[in-house]
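In: What would the 3D arrangement of this be:
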Amino acid sequence: MDQRRLFLAIAVSLAILLGFQMLIAPHLRKPLPQRIAQTTQTTEPTATPAQGAPGAVVPPAPAAEPSNVPRVKIDAPRVQGSLNLLGAKLDDLVLKDYRETISPDSPLVRLLEPRSQNHPYYIQYGWTGGPGANIKLPGDTTVWAASSGMLAPGRPVTLSWDNGAGLTFQIVLSIDDNYMFTVDQTVKNATGQPVKLFPWSRIRRDYKPEVAGYYVLFEGLLGEVGGTLQETSYDKTKSEGEKNHDIAYDSTTNGGWAGITDKYWLTSLVPDQLVPSKVNFRYIGDHGNHYQVDYISTDPLTAPANGDVTTVSHVFAGAKVFSILHDYEVGLHIPRFDYAVDWGWFWFLTRPIFIAIDWLNSLIGNFGVAIMVFTVFVKALFFPLANYSYRSMSKMKLLAPKMTALRERLKDDPQKMQQEMMGLYRAEKVNPASGCLPMVVQIPVFFSLYKVIFVTIEMRQAPFFGWIHDLSQIDPTNVFNLFGLLPFNPAAYVPLLHIGAWPLIMGCTMFAQQKMNPPPPDPMQARLFQFMPIIFTFMMAKFPAGLIIYWSWNNTLSVAQQWLIQRRTRLAKPSLART
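Out: I've put the predicted structure just below:
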């Protein structure tokens, strides 16, 4: 019964890891997907009115525009690009700190792109009037005047447009040293009569990006709305939008944030946290796939006669660096802004694990070493449980000759054999089920660490030592071409034929750990157990290198701990060894 329980525990663990592998690992070796060009639109349906503001709408997005438009340059420590003065759009933004690959000559990551290019992705602000209002408002063909030709930290830019009927519209944009823009929308009223307007903002992506479809990763329309983290995938946005006149999701709320997230990048609108507004997730299917997140005030802002009115909001456009997101969350009182990082269902484990490893990296300067130090802390945390388990397994190993003799003697009386086995366990204070405890305990940590390595940008392109230049990717070496000595890639023909050096090391540590455990008395089980390290080596070869390093180091620590316990157990019970 002891071996059956142990075998069942390992089988369950193997099933979990195999399922994990089938859902995740096949995607890990895919190159960065190339975005597919979309046809730009020429017409769009009218947007749905905002609740509480009948007739006030977020206007349709612009039609195709010329490539030669006036612009204001953006130059900040982490981003560069330009503002489009035709329609007042933030539609050109490149991230200075990140390249598409680890090659130093690789292009910088482009986040936003003009409508004149193949992958339009932009942010826009404006106003709309109430029902029956006859007010000349700025639109997509409006050419705004800029106060300066450069937007930089400490150098805001004011975009102005006079409607010729007593109203002057202004958008003042400023940027900090990271990824946050502050946007002041002002209406100056010289008409002698109060004017009511509804300010709006939107993020628009006029194509559907290629998403890998990872089970553990969300990409799509995301926001913190009404105290709930709202996630709507591209497919769901499309299906719901087609059923509900473009609206896939809508809610009236105070504060929060909403935008579009990729694996590592985020664009997010952050409205005034005290002003009630309506947030919409939209899909517009005319002439391509168009995804939009927008806010519109549900209460009009009134520009008094011969006066002005201003509303202040923010927009984030950049990398999902945890420390930066968290600083904005605290400094600007943006609820759960750092949850733009996809911590997943087990956020209560994933987030603290990342914080711990990130802190260790700040001290050590190497994420791989930080993972190894973190593993030592985890082993120390679970030391009493592992100690109990390994001590019980050591006793079982010493009891093996007695158990074999007992099975042989009572093979024709299974009931009595079971009774005597349990009596022997009780006499020696052995729990036969305790052998699976270390593996069971490791599964949540294993999964959470995988999530950390896979989704956090801090791990992206983070080097270790030697041939590991990116802990978030698989080990690039391959035993089947003699680690690069043979000029071909066997995995290109048979994907299974890719086993790097670190997976081999992991397999060796598993084999060493297996030798420390009591062998199954059943010959068939024993043979199966001998193949377990080989099976796991092939199975985990496509996991991120950081995770393989963790598993290898964890096994090594377990072998050392088990060896010490077995040595002490033999010294404590010499009579068992002579039985």
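In: who's in contact with the residue nearest to the spatial centre of the chain?
Out: Central residue of the chain (C-alpha atoms, centre = their mean): Val455, 3.3 Å from the mean position. Shown in contact with Val455 (C-beta atoms under 8 Å, 6 or more residues apart in numbering): Val216, Leu217, Lys263, Val341, Asp342, Trp343, Gly344. Where you see a C-beta, it was placed from the backbone N, CA and C, and this is true even at glycine.
In: Double-check the first one against Phe454; I have them as touching.
Out: The one in question is Val216. Yes - counting by C-beta atoms under 8 Å, Val216 touches Phe454, with 6.6 Å between them.
In: Between these two, which is the more surrounded one?
Out: Phe454 (22 against 17; other C-beta atoms under 10 Å).
In: can you confirm that one is in a helix?
Out: Yes - under DSSP: H, G, I helix; E, B strand; the rest coil, Phe454 sits within a helix.
In: For it, give me its contacts.
Out: Counted by C-beta under 8 Å, 6+ apart, Phe454 has contacts Ile24, Tyr214, Val216, Leu217, Ser472, Pro544.
In: Buried ones among those?
Out: Among the contacts of Phe454, those classed as buried by 16 or more other C-beta atoms under 10 Å are Ile24, Tyr214, Val216, Leu217, Ser472, Pro544.
In: Export the residues you listed as a markdown table, with columns for secondary structure and distance to Ala319.
Out: Below are the buried ones among the contacts of Phe454 laid out as a markdown table (DSSP: H, G, I helix; E, B strand; the rest coil; distance: C-beta to C-beta, whole Å):
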| residue | secondary structure | distance to Ala319 |
| --- | --- | --- |
| Ile24 | helix | 23 |
| Tyr214 | coil | 19 |
| Val216 | coil | 20 |
| Leu217 | coil | 16 |
| Ser472 | coil | 14 |
| Pro544 | coil | 19 |
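In: Can you tell me which of the contacts of Val455 lies closest to Trp553?
Out: Here the nearest of the contacts of Val455 to Trp553, counting by C-beta to C-beta, is Val216; it sits at 22.5 Å.
In: Ramachandran angles for the closest one?
Out: phi -100, psi 10 (degrees, to the nearest 10).
In: Can you go through the contacts of Val455 and name the buried ones?
Out: Listed as buried from these are Val216, Leu217, Lys263, Val341, Asp342, Trp343, Gly344; burial here means 16+ other C-beta under 10 Å.
In: Can you flag which of those belong to helices?
Out: Using DSSP state H, no member of the buried ones among the contacts of Val455 falls in helices.
In: Output these in CSV; the columns should cover pLDDT and distance to Asp412.
Out: Below are the buried ones among the contacts of Val455 laid out as CSV (pLDDT from 0 to 100; distance: C-beta to C-beta, whole Å):
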residue, pLDDT, distance to Asp412
Val216, 79, 51
Leu217, 88, 56
Lys263, 93, 61
Val341, 96, 61
Asp342, 94, 58
Trp343, 92, 57
Gly344, 87, 53
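In: Show me where the stretch 401-550 of the chain dips below the pLDDT cut-off.
Out: Applying pLDDT under 70 to the stretch 401-550 of the chain flags residues 429-439, 518-523, 525-526.
In: Out of the buried ones among the contacts of Phe454, the closest to Met417 would be?
Out: Closest approach to Met417 among these (C-beta to C-beta): Ile24, at 43.1 Å.
In: pLDDT wise, what is the closest one at?
Out: Each residue has a pLDDT score; the one for Ile24 is 44.
In: what does Leu8 give?
Out: pLDDT, Leu8: 47.
In: one step back: nearest to Asn554, of the buried ones among the contacts of Phe454?
Out: Taking these together and measuring to Asn554 by C-beta to C-beta, the closest member is Pro544, at 14.9 Å.
In: which residues does the closest residue to the closest one other than its chain neighbours contact?
Out: Spatial nearest neighbour of Pro544, excluding adjacent residues (C-beta to C-beta, 6 or more residues apart in numbering): Ile453 at 4.8 Å. By C-beta under 8 Å, 6+ apart, Ile453 lies in contact with Met459, Leu471, Ser472, Pro544, Gly546, Leu547.
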